[in-house]
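> Build me a structure from this.
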Amino acid sequence: MLSSKRRRLEVFGDNIRRFGCEFDFWLARVELLSSLLDLRCWQELARLMEPQAADLEMETGRPVDDPVTLFLVETIKEATCFVSLDYDADVVSCSQSAALQASYAFSSGNAVTLARERFQCVEPLFNASLSGDQPTLPSMITRSIALCDPAERDELWSNIVLCGGNTLLPNFPERLQQELRVMSPPNSVGLVVAPDRRNLAWLGGAIYANLDHCRDRYGDLFCNCVELS
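Sure, this is the predicted structure:
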């Protein structure tokens with residue numbers, strides 16, 4: 001997506017998407033590969049918390065796969081999870097001490113304690129050995145930029161915009177920069193890390209929906225829905 005008259009690649013932390021449509025924005029065009037990575041950290045955390053399923057169900061009065069219980073898992077993720085800057089070292093640390101443990105207290109007064117789950121649920125976003133058949137976030141960014149015009153790539157590398165709730169997890173920007181430096185040209189990676197980045201994707205969509213170009217292409221009904229969202 002193009003923003004502020006500069007070309008920027010947006011990283012959606014909740015649903016990481018690369019769109020197959022072209023955005024004609026300030027007379028510039030960027031082609032992005034169409035793909036969807038349905039890898040959400042709270043889903044992975046729910047899987048890792050299966051041993052505590054009874055505690056979650058007792059708290060919500062709903063099955064562990066019920067939206068209410070999954071929302072509780074999302075809340076636990078936001079309160080306790082973080083991105084590891086050294087995954088192997090943190091795994092060893094969890095096996096030797098309680099330094100990385102954190103507890104989440106329910107409104108009932110009960111609590112659950114998490115250790116390696118706190119960072120293991122996020123690791124598939126960065127670690128190919130844990131992501132199954134899904135590409136990692138750094139590899140998706142690298143591939144997307146490689147598909148763009150060579151003349152645009154340096155500016156894209158230096159304007160990677162983080163947005164979405166998962167990018168608010170502690171150490172997320174640092175880990176992403178750490179991984180991208182291995183894949184990118186020297187001294188080229190620049191992350192745009194806005195404090196209010198949780199809703200930047202919707203904000204950008206609302207701005208785009210107000211442009212005549214968007215209304216001409218997608219129609220008033222679509223654009224009005226985006227603005228209302």
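> what's Met58 in contact with, if anything?
Asn110 (Cβ atoms under 8 Å, 6 or more residues apart in numbering). In this view, the C-beta of every residue, glycine as well, is placed from N, C-alpha and C.
> please redo it, this time with the cut-off set to 10 Å
Gln52, Phe106, Ser108, Asn110 (Cβ atoms under 10 Å, 6 or more residues apart in numbering).
> need the helices for the chain, in chain order.
For the chain, the helices defined by DSSP state H occupy 41-48, 53-60, 67-80, 87-96, 117-120, 137-146, 150-157, 172-183, 200-209, 212-218, 220-228.
> mind checking which of these is nearest Ala128?
helix 137-146 (7.3 Å; Cβ to Cβ).
> Any buried residues in that closest one, and which?
Leu137, Pro138, Ser139, Met140, Ile141, Thr142, Ser144, Ile145 (16 or more other Cβ atoms under 10 Å).
> Would you convert the residues you listed into JSON lines that also reports pLDDT and distance to Gln43?
Formatted as JSON lines, the buried residues of helix 137-146 follow (pLDDT from 0 to 100; distance: Cβ to Cβ, whole Å):
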{"residue": "Leu137", "pLDDT": "87", "distance to Gln43": "15"}
{"residue": "Pro138", "pLDDT": "90", "distance to Gln43": "20"}
{"residue": "Ser139", "pLDDT": "88", "distance to Gln43": "20"}
{"residue": "Met140", "pLDDT": "85", "distance to Gln43": "18"}
{"residue": "Ile141", "pLDDT": "87", "distance to Gln43": "21"}
{"residue": "Thr142", "pLDDT": "89", "distance to Gln43": "24"}
{"residue": "Ser144", "pLDDT": "84", "distance to Gln43": "23"}
{"residue": "Ile145", "pLDDT": "87", "distance to Gln43": "27"}
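> if I look at the spatially closest residue to Ser184 that is not a sequence neighbour, how far off is Leu211?
Among residues not flanking Ser184 along the chain, Trp157 sits closest, at 5.5 Å (Cβ to Cβ, 6 or more residues apart in numbering). With distances taken as Cβ to Cβ, to the nearest Å, Trp157 is found 26 Å from Leu211.
> which stretches of the chain have low pLDDT?
Along the chain, segments meeting pLDDT under 70 span 1-40, 213, 218-229.
> before we move on, the earlier item: nearest to Ala194, of the helices of the chain?
Between these, helix 200-209 lies closest to Ala194; by Cβ to Cβ that is 6.3 Å.
> okay, the closest one in CSV with CA atoms only?
Extracted in CSV, the C-alpha atoms of helix 200-209 (Å, rounded to 0.1, in the frame of the first residue of the first chain):
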residue,chain,number,x,y,z
LEU,A,200,-3.6,1.3,11.1
ALA,A,201,-4.9,-1.1,8.5
TRP,A,202,-8.5,0.0,9.0
LEU,A,203,-7.4,3.7,9.1
GLY,A,204,-5.5,3.3,5.8
GLY,A,205,-8.5,1.5,4.3
ALA,A,206,-10.9,4.3,5.4
ILE,A,207,-8.6,6.9,3.9
TYR,A,208,-8.3,5.0,0.7
ALA,A,209,-12.1,4.5,0.6
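> Show me which parts of that helix are buried, residue by residue.
Neighbour-count burial for helix 200-209 [16+ other Cβ under 10 Å]: Leu200, Ala201, Gly204, Gly205, Tyr208, Ala209.
> Can you give me every residue that contacts the closest residue to Ala98 other than its chain neighbours?
Of all residues not flanking Ala98 in the chain, Ala115 sits nearest, at 7.3 Å (Cβ to Cβ, 6+ apart). Contact analysis of Ala115 by Cβ under 10 Å, 6+ apart lists Asp90, Val91, Ser93, Cys94, Ser95, Ser97, Ala98, Ala99, Leu100, Gln101, Ala102.
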